[in-house]
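J.: Pasting the sequence and the predicted coordinates here, then a few questions.
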Amino acid sequence: MLCTPETIGKQLLRAERLWMFLDYDGTLAEFAPTPDHIHPDPKIITLLTDLAHHPRIRIAVISGRRLRHVRSLVPVPGVWLAGTYGVELQTPDGQQISRLEYDTIRPTLETVKPRWELLIAHRQGFFLEDKGWSLALHARFAGDEEADTVLAQARRTAADGAQTDAFRILGGHKFLEIGPALAHKGHTVEYLLDRFRWPGAVALYLGDDDKDEEAFAVIQAHGGIAVLVAKEARETAADCRLDSPQAACQWLTTLLRHYGPPEMTEETGQRHRE
Ligand SMILES: [Mg+2]
C-alpha cells in the first residue's frame, strides 16, 4: 500500500511526539555510485534541519556507512547519527558513543581482508571497502554470474575467519559485508528507544533494504510505523511504501506541515527555532 499523509497521518498526528529513524542511501537520497562519493544534498539538509527544529520531533539518521561519512552527509546539529548500523553513534549535542571496543573487532577483519583482496584481485567490477568496523565487498559492476560465485566464496571465507557469534555476515544485492553482530539496525533502534526514552513519542522508520527490515519489526513492537522506500511493491513488514527517495522527502515535508509550526514560547513569543 502506498503511503499518503492521510494513510497513517491520523496515528502520527495524534502523537504527542514523533521519533523518526531515517536510513540515508536509497531512502532520503538516491544511491551514490560508490560509498566514497560524499556529496551532501542541500535539500535533504534543509529538510532534516526543519524536522530537527520542531520541538515535538526527534530525528535519528541510521546508516551502514561509517559515522564520519554520515556526519559529512548530515551536518545538522540536534540529530542523532548512527554509523555502521549503529555501532558508532553521535548524540544530538555531538558526543560520540562507541558501543564496542574497536580492538576486539579489528583482528578478525584483518584476517578476512587479505583473503577477500586475493579473491577479487585481477577481477573487474569488484571492490573492497574497509569501513573500519566492518568490511564490505561490492560487486555492483560485476556480471551476475561472476558476482554470485565470488560472493559465495567470500561468504565461506568470512565464516571461516570469524568463528564467533560476535560477528555477522550481511548479504545484499551484489554485496557482502562482515561486521560486529551489534551492527544491526533493529538492535540500534531498540537501544536508542530504551536508553534515551522520550515519553509519549511514536516511532517512525523509513528504510529501503533488508537491513532496514530488521528494524521494522522492532519499531512495530514499540507501537510505531515502518515505511518502505522502494520503486516496486515487494514482500515487506512495512506498513506502507513510498516509491522513491524524492517521494520520501516530499512525504516527510508534508508530514511536517501537518504537524504544525513549532509552538511559540510563552516568554518571548518566538518560535523555538529562532
Ligand atoms: Mg539504504
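T.: The structure has been received and is ready for your questions. Note that the structure is predicted; figures quoted are calculated from it, not measured.

J.: Low-confidence stretches in the stretch 1-150 of the chain?
T.: For the stretch 1-150 of the chain, applying pLDDT under 70 flags the ranges 5-9.

J.: I'd assumed Asp160 was in a strand, is it?
T.: No - under DSSP: H, G, I helix; E, B strand; the rest coil, Asp160 sits outside any strand and is assigned helix.

J.: and it, how many neighbours does it have?
T.: Residues within reach of Asp160, counting by other C-beta atoms under 10 Å, total 11. From N, CA and C alone the C-beta is placed, and that goes for glycine too.

J.: now do Phe175
T.: Other residues close to Phe175 by other C-beta under 10 Å number 17.

J.: That one is in contact with Arg140, isn't it?
T.: Yes - contact status for Phe175 versus Arg140: in contact at 7.4 Å, counting by C-beta atoms under 8 Å.

J.: Please enumerate residues in contact with stretch 190-206?
T.: By C-beta atoms under 8 Å, 6 or more residues apart in numbering, the residues outside stretch 190-206 that reach it are 11-12, 15-23, 27-28, 58, 60, 80, 82, 86, 89, 99, 189, 212, 215-216, 218-219, 222-227, 229, 242, 248, 252.

J.: just the buried members of those?
T.: Using 16 or more other C-beta atoms under 10 Å as the burial test, the contacts of stretch 190-206 include 12, 15, 18-23, 27-28, 58, 60, 80, 82, 86, 89, 99, 189, 212, 215-216, 218-219, 222, 224-227, 229, 242, 248, 252 as buried.

J.: Among the residues you listed, which ones are in strands?
T.: The strands, defined by DSSP state E, take in 18-22, 58, 60, 80, 82, 89, 225-227, 229, 242 from the buried ones among the contacts of stretch 190-206.

J.: neighbours of the closest residue to the ion within the stretch 1-150 of the chain, just the number please.
T.: Nearest residue of the stretch 1-150 of the chain to the ion, counting by C-beta to the ion: Gly26, 3.7 Å away. Neighbour count for Gly26, taken as other C-beta under 10 Å: 18.

J.: what's the closest non-adjacent residue to Glu214?
T.: Closest residue to Glu214 apart from its sequence neighbours, by C-beta to C-beta, 6 or more residues apart in numbering: Gly186 at 4.0 Å.

J.: So which residues of the chain form helices?
T.: 5-14, 42-53, 67-73, 102-120, 144-161, 185-195, 210-221, 245-259 (DSSP state H).
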